[in-house]
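Novice: Sequence and computational prediction follow.
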Amino acid sequence: MKKLLSVVVSVYNEEAALEKFYREAIPVLEKISWDYQIVFVNDGSRDRSLEILKSLAENDDHVKIVSFSRNFGHEAAMIAGIDYSQADGIICMDADLQHPVECIPEIIKNLEEGAQVINMVRTKNESAGWFKNLASTAFYKLINMLSDVKFESNASDFFAVSGRVAQVLKKDYREKIRFLRGYVQSVGFKKIVIEYEAHPRIAGESKYSIRKLFQFSVNTIVCFSNLPLKLGVFAGLFAGVLGVLVLVYTLFTRNGAPSGYATIVILNCFMFAILFLLVGIIGEYIAILFAELKDRPIYIVEETQNL
Ligand code: UDP
Ligand code: MG
């Protein structure tokens, strides 16, 4: 029996890109030796995306639709696509053709050779702009410093997993605050890296604002490292040593303690800054604990088609 490949595509307001994506993906998928399906996950689009997907699905059984009741975010969309795929290999990619479909045959080849996790690493990302590229590099440097998990830097939301790894993601990684790329890199198994050149977006614009990316980075650091929680110990030691130094200075200086209004105010501000920062960091961890504790669904499906 032929093996089945599932291509998971998250879709949020991509009316301008979908048909082009379909037209480019199908010829590539027709050529591979596996059976295939494309699972489009409509993440609460407010434009004509769902309509377009439905018309594609009506004419082609390979096209499957999972449609959310509202926008749940890219991470939720990717795991929903994986949840609904009973396949021997799953590829997650964007609908905007930034992730080239021409890479699919190479992915298939590697899956056949026994790779379980295939990280697609971008060599170039022209459309992201210098700030996003710099921020992305800095983020991977930081997270690799803080976390035990070694992240492939410049790993993208473009990756493939075997059916075996998909099973693990479906069963054991049900966190609400999610970072699928991180899980994929931390599950182990035989892992390989393929480089690709990210294309510019074919249509529409990026759904990730700088603010969203920042929150996402903070969440990821919190989810993959406990180190920030321990900063308090260092801050305490620092304040203690500083206190002792000032004490010794005050006791032994000839003129007694100098009258220093400015010193006191500056020191106060400085100390409170450290204190509040630490409280804020603890707050981030509590917020995530709270979200996990509430155990609300990662996504809610309103309807499916061809599934
Ligand atoms: N996306 C989604 N839900 C969201 C935001 C984005 O499903 O809330 C999809 C979007 O349609 C695209 C993919 O996730 O297929 C990546 O988004 P985008 O291309 O805007 O991000 P970028 O490539 O600029 O990082
Ligand atoms: Mg994109």
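Specialist: Okay, I see it. Predicted model, so just to flag it, every value in this text is computed and none were measured. Ligands and ions are numbered 1, 2, ... in the order given.

Novice: need the next SSE after the host helix or strand of E19, C-terminal direction.
Specialist: Assigned by DSSP states H and E, E19 falls within helix 18-31. Remark: after helix 18-31, the chain's next helix or strand is strand 35-42, criterion DSSP H and E.

Novice: Which neighbouring elements make contact with that next one?
Specialist: Counting contacts by 3 or more C-beta pairs under 8 Å, 6 or more residues apart in numbering; DSSP states H and E, strand 35-42 is packed against strand 4-11, helix 18-31, helix 49-59, strand 63-68, helix 74-83. In this view, the C-beta of every residue, glycine as well, is placed from N, C-alpha and C.

Novice: Identify each buried residue in stretch 33-42, please.
Specialist: Neighbour-count burial for stretch 33-42 flags 34, 36-42 (criterion: 16 or more other C-beta atoms under 10 Å).

Novice: for that stretch, the distance to its chain's centre please.
Specialist: 21 Å (C-alpha atoms, centre = their mean, to the nearest Å).

Novice: Ok, stretch 12-24 next?
Specialist: 22 Å.

Novice: May I ask you to confirm that G204 is in contact with Q98?
Specialist: No: under the criterion of C-beta atoms under 8 Å, G204 makes no contact with Q98, lying 11.0 Å away.

Novice: re earlier: for the buried residues of stretch 33-42, work out which two are farthest apart.
Specialist: W34 and N42 (24.7 Å; C-beta to C-beta).

Novice: Do the helix or strand hosting V218 and ligand 2 come into contact?
Specialist: Here V218 sits within helix 210-224, counting by DSSP H and E. No: remark: helix 210-224 sits outside contact range of ligand 2, by C-beta under 5 Å from the ion, the gap being at least 12.4 Å.

Novice: Spell out whether that helix and ligand 1 are in contact.
Specialist: No: figure legend: helix 210-224 not in contact with ligand 1 (C-beta under 6 Å from any ligand atom); closest approach 8.1 Å.
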